[in-house]
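**Student:** Need the 3D shape of this:
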Amino acid sequence: MSRIGNKVINVPAGVIVEVADNNLVTVAGPKGTLKFKFNNDMKFNISATEIVVERPSDSKEHKTIHGTTRALLHNMVVGVSEGFSKKLEINGVGYRAQVQGQTLTINAGYSNPVVMEIPAGITVVCPKNTEMVISGSDKQAVGEFAANVRSVRGPEPYKGKGIKYSTETIRRKEGKTAKK
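**Tutor:** This is a model prediction of the structure:
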């Protein structure tokens, strides 16, 4: 019995959920519109303020996609109403980032700056030149772009230099010691 799949999804005011042919779900809200094609076996009971995801049988295949379907739909509803964001910090002498239009320029200790295109639907704000806030309505796209930015120069354990999430803690290692 899926505990996640049986939870009810509350739909906030201002969010519209529609199911078209072949389980193409469209969720529209103040932060944007998201579409996703779910498995054809899953059924959606939509009322004015809540959504219930139902599976047709208790087969192993249906049980495995029941909770996933509900979690993805819940993330879509939260994304178009509140949005998602990831905060990254840059540590290191001379390491910095800046946004110019739809490009993110990162100086992370390489001979040339790393220039990244910001995908559509994602906004990047640099309150300081050592901090970045990546936000958007699609949780998967925000997380993927944040991971790509972090992979430019991941944090290293000896001095702690690099790009890390603000909630991340780096396990520090002790350097070499002199021979006695």
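
**Student:** Which strands or helices does the host helix or strand of residue 33 pack on?
**Tutor:** If you go by DSSP states H and E, residue 33 is part of strand 32-37. Taking 3 or more C-beta pairs under 8 Å, 6 or more residues apart in numbering; DSSP states H and E as contact, the helices and strands that strand 32-37 lies on are strand 24-29, helix 60-81. Placement of C-beta: from N, CA and C, glycine included.

**Student:** Note down every partner strand of it and its orientation.
**Tutor:** Here strand 32-37 has these sheet partners by DSSP bridges: strand 24-29 (antiparallel).

**Student:** quick one, the longest strand along the chain and helix 60-81 angle?
**Tutor:** In the chain, with assignment by DSSP state E, the single longest strand is strand 84-91. With axes from the mean of the first three to the mean of the last three C-alpha atoms, to 10 degrees as the basis, strand 84-91 and helix 60-81 are set at 80 degrees to each other.

**Student:** picking that back up, so for residue 47, which of the helices and strands packed on strand 32-37 sits nearest?
**Tutor:** Closest of those to residue 47 is helix 60-81, at 13.4 Å (criterion: C-beta to C-beta).

**Student:** All set now, cheers.
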